[in-house]
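Undergrad: requesting a structural model of the entry that follows:
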Amino acid sequence: MQIIWSSIVVAFLVGLAICQENEDTFMCRKVGRDSHSYGTATGEQVEIKTGTTKPGEETRTRKDDVIDIMLERIRVLERRVSMLERERNMPSPRADPGNLFDTTGTPIPPEETTPTPMIPESSDHCQIYHRERCFTFVSKKLGAIGLKEAQTKCRALNGELANVYDEDHFGKIEDYLLQNTEDDGGKEFFIVGMTYNVKKNTVSLRGGVRAHFVKWYSDDYPNTRNRYNTRIHIQVNHSAGNGNDGMYNVSPSARAKSALCEIHPRHLLRTR
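TA: All right, here's what the predicted structure looks like:
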């Protein structure tokens, strides 16, 4: 809109300058001895009689006539701009979900849309999905994994050791392990990013925020006898006879079968 108005003002000023410099122009053509013809915005020629006037008065009259013509052109442009704005703001037939017909009365077929998934449907780095984040297990080919190795493997996936956020999240982790690990009657235990403060008797998420969900493995935990038992591991049993599923606190040097990594979806494309 600003560009259109700028063009109108420039055209107006140029028109005045042209008439001052040269009377025999497209806006100031002489018609006979005492009349002038001016082009309008619609392409019509308007003949304006000057009559018998003094030279100075005739010049002023001519300028006034040019101003009238330019104002008329501006009004025409304003009408065109208003019409274009109305067309632009007019909702399309598709804008209203209840509109089943186009402007000609022809039925509009339903649009086929496929929702864009927040994460890739098949991603090796999204074994568990919770709170718009992906969780995946990492391990060593042989032997148990330690804390430093687990952190390195998670960072290689653009992730960190995982938090467990709530009971629903914990249940998803249990289900995944029971469905995707060999049921040999044993148990799965793994490292996470959470820590335990022996003095305060509190569990914190990775980063230091206090955890709202804590599920201890048994009544023997948390183990407060050793102030170095600051890391949280989790155990999931294939058989109910092996005890409950839950958390336990151990030394940072303790090893486990695997570690759980947490990856934000925006990092997934970097890992594929």
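Undergrad: low-confidence ranges, this structure, go.
TA: 1-63, 89-125, 184-185, 240-243, 265-272 (pLDDT under 70).
Undergrad: so where do the strands sit in it?
TA: Secondary structure of the chain (DSSP state E): strands at 29-30, 35-39, 45-49, 128-130, 133-138, 160-161, 187-197, 202-204, 231-237, 246-250, 258-263.
Undergrad: tell me which of those sits most buried.
TA: Stretch with highest mean neighbour count among the strands of the chain: strand 258-263 (a mean of 24; mean count of other Cβ atoms under 10 Å). Backbone N, C-alpha and C define where each C-beta goes, glycine included.
Undergrad: and the angle from that one to strand 231-237?
TA: For strand 258-263 against strand 231-237, the angle by axes from the mean of the first three to the mean of the last three Cα atoms, to 10 degrees is 110 degrees.
Undergrad: note down every partner strand of strand 258-263 and its orientation.
TA: If you go by DSSP bridges, strand 258-263 pairs up with strand 133-138 (antiparallel), strand 160-161 (antiparallel), strand 187-197 (parallel).
Undergrad: for residue 67, which of the strands of the chain is the nearest?
TA: strand 35-39 (10.5 Å; Cβ to Cβ).
Undergrad: any chance of the strands paired with strand 258-263 in JSON lines, plus distance to residue 226?
TA: Conversion of these to JSON lines gives the following (distance: least, Cβ to Cβ, whole Å):
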{"stretch": "strand 133-138", "distance to residue 226": "27"}
{"stretch": "strand 160-161", "distance to residue 226": "21"}
{"stretch": "strand 187-197", "distance to residue 226": "11"}
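Undergrad: to residue 171, which of those lies closest?
TA: Per Cβ to Cβ, nearest to residue 171 of the strands paired with strand 258-263: strand 133-138, 12.8 Å.
Undergrad: stretch 211-227: end-to-end distance?
TA: Counting by Cα to Cα, to the nearest Å, you get 19 Å between the two ends of stretch 211-227.
Undergrad: so which of the strands paired with strand 258-263 comes closest to residue 173?
TA: strand 133-138 (7.3 Å).
Undergrad: what's the closest non-adjacent residue to residue 187?
TA: Distances taken as Cβ to Cβ, 6 or more residues apart in numbering place residue 237 nearest to residue 187, at 4.5 Å, with adjacent residues excluded.
Undergrad: how much space separates the one you found from residue 189?
TA: 9 Å (Cβ to Cβ, to the nearest Å).
Undergrad: now residue 264
TA: 25 Å.
Undergrad: and what of residue 164?
TA: In terms of Cβ to Cβ, residue 164 sits 14 Å off from residue 189.
Undergrad: residue 182 now?
TA: 14 Å.
Undergrad: next one: residue 141
TA: Distance check for residue 141 against residue 189: by Cβ to Cβ, it reads 18 Å.
Undergrad: ok, residue 248 next?
TA: From residue 248 to residue 189 the distance is 8 Å (Cβ to Cβ).
Undergrad: please apply the same query to residue 76.
TA: Taking Cβ to Cβ, one finds residue 76 at 81 Å from residue 189.
Undergrad: then residue 256?
TA: Residue 256 is 5 Å from residue 189, by Cβ to Cβ.
Undergrad: what's the helix ranked longest in the chain packed up against?
TA: Secondary structure of the chain per DSSP state H: the longest helix is helix 55-89. With contacts taken as 3 or more Cβ pairs under 8 Å, 6 or more residues apart in numbering; DSSP states H and E, helix 55-89 sits against helix 2-21, strand 35-39, strand 45-49.
Undergrad: residue contacts, residue 203?
TA: 194, 195, 196, 197, 210, 211, 214, 222, 232, 247 (Cβ atoms under 8 Å, 6 or more residues apart in numbering).
Undergrad: turn these into CSV, columns for distance to residue 204.
TA: Converted to CSV, those look like this (distance: Cβ to Cβ, whole Å):
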residue, distance to residue 204
194, 7
195, 5
196, 8
197, 7
210, 6
211, 6
214, 10
222, 12
232, 9
247, 12
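Undergrad: residue 154: which of these is nearest?
TA: So of those, ranked by how close each gets to residue 154 (Cβ to Cβ), first place is residue 194, at 13.6 Å.
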